[in-house]
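In: this one's structure only:
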């Protein structure tokens, strides 16, 4: 009787284990397709500092006085209307991407992290950086 119960429990466990759907992979696929369709509808065009709204440069000068402007983009929708501005700034040690709305109001900031270097040991036993 104990063996029969044990076999039933094992069969039930195997059935449950193989029947599960990984919800995170489904959500991940859905978010990628949504982002891809949104990306197709929006066009990102490089612009000069002079083309930025005055409020954007004022905000950068006040908030990030030690940073320099690297790149600026205007993001337009399919109709050609400006949706937002994306600005990349940098100091000696950090890079930041700033997002502003069409009126030049600050929306968000994203720190750009340099990848962690990887190393290997060569034939002589020396630790060398990967290229």
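Out: Perfect, thanks for sending it. If you're wondering where the values come from, they're calculated on a predicted model, not measured in any experiment. Residues are numbered from 1 along each chain as shown.

In: use CA for all of it now, contacts and neighbours both
Out: Will do.

In: Okay, and the beta partners of the most centrally placed residue in the chain?
Out: For the chain, the residue lying nearest the average C-alpha position, counting by CA atoms, centre = their mean, turns out to be residue 110 (8.3 Å). With DSSP bridges applied, the residues forming beta bridges to residue 110 are residue 97.

In: Number the chain from 725, please
Out: From this message on, residue numbering opens at 725, which makes the last subject residue 834.

In: per-residue confidence at it?
Out: Listed pLDDT for residue 834 reads 92.

In: now the one 10 residues further on
Out: Predicted confidence (pLDDT) for residue 844: 86.

In: swap in residue 841?
Out: What the model reports as pLDDT for residue 841 is 74.

In: now residue 738
Out: Model confidence at residue 738, expressed as pLDDT, equals 57.

In: the strands in this structure, which residues?
Out: Along the chain, counting by DSSP state E, strands occupy 767-770, 792-800, 806-814, 819-825, 830-836, 843-845, 851-853.

In: Which secondary structure elements does the last one sit against?
Out: Contact analysis of strand 851-853 by 3 or more CA pairs under 8 Å, 6 or more residues apart in numbering; DSSP states H and E lists strand 843-845 as its packing neighbours.

In: ditto for the fourth one
Out: The elements that strand 819-825 packs onto, with contact taken as 3+ CA pairs under 8 Å, 6+ apart, are strand 806-814, strand 830-836.
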